[in-house]
Every structure is written in structure tokens, then in C-alpha cells.
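Undergrad: quick check, what structure comes out for this input:
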Amino acid sequence: MPTYDGGHYFLTVVVPIKTTPVNDDKVATSPVHALRKRLSMLPTAAETPACGGGQSPFARNTRNHFARFVIIDDVAYVGRSGRNVLLGGIAGDKLVVAQPQDHLKCPFLVFAADFDAKSASAQERDSYLAELWRTMEKELREIFGFCEGFDSKVRDAASFAAYMAACQLETTMSFNDYYVDPLNLPTWPSKPYVGAIAVAAGAAALGVIGTLVLLVAQFFVPAWQWALACTVGLTLLGAVAAAIAILAAYMTLMAAGGKPFPAAPDSDLPTVLKSLHLRRAFTRFAIDHQMDSVGKDAPSAQKLYEDFAAFVAANKPDDLKAPTQAPGVIGI
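TA: Numbers count the residues shown, from 1 in each chain. Predicted coordinates for the structure are as follows:
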């Protein structure tokens, strides 16, 4: 299903950027230039301590999996439209004359986010955007303040959600990489006998109606015409029954294909962060308890058992809150 799949909402928003000059630090400049400056100063994920301690404002809530800003200045020109050379020569194509090209009237800011959600409903989207406003209003004002209509339309969390919803585009190719096991997808058709019964009932109804019509017709037309009518009628009934079966199969197939994939097990952000913490901690535990090449320093079974019990007690695998990896942090 577009926009929502596997327990995640894939939000894509395209907002027009202002074109009139603005003052940025008391210097007149273009809005798109000032916006690029703001985005370059926005902290990203803290990969290592050398990052300087900055952390992305998107890490302030526990629904964001991925978030990205992109500026589109104009559409790319990919060359002339291809055409058969012979046909072009006959039509009088002039290769030195440029073909019409598409251009944007203004640059656009693209915001793409992947976050935890229970459905594709507008309520899920708006609740996320409202939470985003509450956790990073300052940064959002600094960014979207260079976009058309933001200053006049956005006052609070609700108006920000409405502003973003008005610029939302359907996400038709989402990216979800949390599945590690085979997908537990429904089979099609999920209940074969239901479709068979529907088709059989439709065919039976057509057969009954057609038989009644033919029985009545035999009293009003000659025998040879009645026999011809029976042949034609039965052929048409078979064709209609086949058409009903094909239509029923197509409709159920499209309905099944429109359903989103089920959510992957343990794919919400708190569980993912806890898993990353446990992987890192257990890797360190395994390294610290390895024996050397000749078997020296190998811990005893009792010591290994006690140390692992201490590891479990310290890291609390069932507790998603702590200890865990902080949002917006990457690395070991």
C-alpha cells in the first residue's frame, strides 16, 4: 500500500521555497541559499564522539526511523526525446532546434520521514507531525520559514500538521529493511471456496434465468429457431459466467495487493534501539570471554555462567527503556 507499509508511515512532503530576497544575519540573500545554510548547520546522527557532541533534533522523539531534507532547484534535463531516425527524417525533425524543456517555477524543499504508525490514517500522520512540532519547533521554524505560506499559516502544532498535509505527496516506493524472516503474507485467494461459491451462484442464477426464457420461447417460435436460440443462449451464458469469474478474480487480487505488509516483529524504534545496544554489549562480552589460541585464560563454566547472569542483570533485555542506545546515535 502506498505511504504505509510494514507498520511504518512513509511521509513525503514537497513545499515551495520563497523566491523574494530575505535578510539572513543582516545580509540580503536568496531564500534557497539561506535555507541551504540552515540545513548544513542542522546536526545529524552522532556517529562518533568526534562529531562534536551535536545530535539531530529528530532524535527527541522515539517514532523517527529516518528523516531527510532535500532541496530541488529544478528538474534535470535528460536529453532529447528519442525517435526513429528514418521517421524523424521523413517528418522533417531539425536536430539543431531544441525541444521544449520542463522547468520549475521555484525551488522546492522535500521532507521525507519514516516513522512508527498503526495505520495510514490522517490521524497517525497528524499526531506524528504534532509531536515533531512539540519536540523541535525552533528548528522547524528556522527551516520552513523560508517556504511559501509558512509564516501566515502556521501558528501551532495543529496548523503545522495541516500545512504539511497540504503539501504531501503519495509515497509509492517505500524502503523498509527490518524483515529478517520470510514474510508472513496472506495467500490468494485467502478463502478459495468463497470465490468458487460466488461464481457458481452467479452462473446458476444465469442458468435458471436463461432456461426459463428458453422454455417460454419454445411456445412462440419454430423448433429450429428454438434450437438455435438454445445453442446461442448457452454459449452466451458460458461467456458471461467466465467473465464473472475473471472479474471476481481480478477484484479480489487487486484488493489483496492493496493491503500493506504486516508489521515486522519488533520493528518499532524503541525495540530497534534496544537490539542495537544488546548487540554491541554482547559483542564486547563475547570478546572479553574468549580463550587464547592455546586454551589459556579460558573462563570456567561456572565463571562464564556467573558473568553472563551479571550481563543479563546489567543490560535488562526485556526493558526497552534502559539501558538502551540513545536515538540519533550511530557507532560502537
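Undergrad: so Leu320: helix, strand or coil?
TA: Put simply, Leu320 is coil when judged by DSSP: H, G, I helix; E, B strand; the rest coil.
Undergrad: which residues touch it?
TA: Neighbouring residues of Leu320 by CB atoms under 8 Å, 6 or more residues apart in numbering: 270-271, 273-274. To be clear about C-beta, it is placed using only N, CA and C from the backbone, and glycine gets the same treatment.
Undergrad: go again using 10 Å as the cut-off
TA: 62, 266, 268-275, 277 (CB atoms under 10 Å, 6 or more residues apart in numbering).
Undergrad: next, the buried residues of stretch 271-278.
TA: Across stretch 271-278, burial judged by 16 or more other CB atoms under 10 Å covers 272-275, 277-278.
Undergrad: what's the local residue count around His8?
TA: Close neighbours of His8, defined as other CB atoms under 10 Å, add up to 27.
Undergrad: on the three-state scheme, Arg68 is what?
TA: Three-state assignment for Arg68 (three-state DSSP): strand.
Undergrad: roughly how far apart are it and Glu148?
TA: Between Arg68 and Glu148 the computed distance is 21 Å (CB to CB, to the nearest Å).
Undergrad: cool, Tyr128 as well?
TA: Looking at Tyr128 against Glu148, where the rule is CB to CB, the gap reads 23 Å.
Undergrad: likewise His33?
TA: Using CB to CB, one gets 16 Å for the distance from His33 to Glu148.
Undergrad: next structured bit after the helix or strand harbouring Arg141?
TA: Here Arg141, judged by DSSP states H and E, is contained in helix 122-144. Remark: after helix 122-144, the chain's next helix or strand is helix 150-153, criterion DSSP H and E.
Undergrad: what segments of the stretch 201-332 of the chain are helices?
TA: For the stretch 201-332 of the chain, the helices defined by DSSP state H, counting those that start in this stretch occupy 223-257, 269-288, 301-315.
Undergrad: would you turn those into TSV with distance to Ile143 and mean pLDDT?
TA: Below are the helices of the stretch 201-332 of the chain laid out as TSV (distance: least, CB to CB, whole Å; pLDDT from 0 to 100):
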stretch	distance to Ile143	mean pLDDT
helix 223-257	37	70
helix 269-288	22	89
helix 301-315	37	90
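Undergrad: give me whichever of those is most buried.
TA: Of those, the one with the most neighbours on average (mean count of other CB atoms under 10 Å) is helix 269-288, at a mean of 15.
Undergrad: list the contacts of it.
TA: Helix 269-288 is contacted by residues 8, 61-65, 114-116, 178, 265-267, 299, 307-308, 310-311, 314-332 when judged by CB under 10 Å, 6+ apart.
Undergrad: now, the residues you listed that are in strands?
TA: Among these, the ones falling in strands (DSSP state E) are 8, 64-65, 114-116.
Undergrad: how about these in a markdown table, adding pLDDT and distance to Leu42?
TA: Shown next, in a markdown table, are the ones in strands among the contacts of helix 269-288 (pLDDT from 0 to 100; distance: CB to CB, whole Å):
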| residue | pLDDT | distance to Leu42 |
| --- | --- | --- |
| His8 | 90 | 23 |
| Asn64 | 90 | 14 |
| His65 | 90 | 18 |
| Asp114 | 93 | 18 |
| Phe115 | 93 | 18 |
| Asp116 | 91 | 22 |
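Undergrad: of these, which is the most crowded?
TA: Most neighbours among the ones in strands among the contacts of helix 269-288, by other CB under 10 Å: His8, with 27 neighbours.
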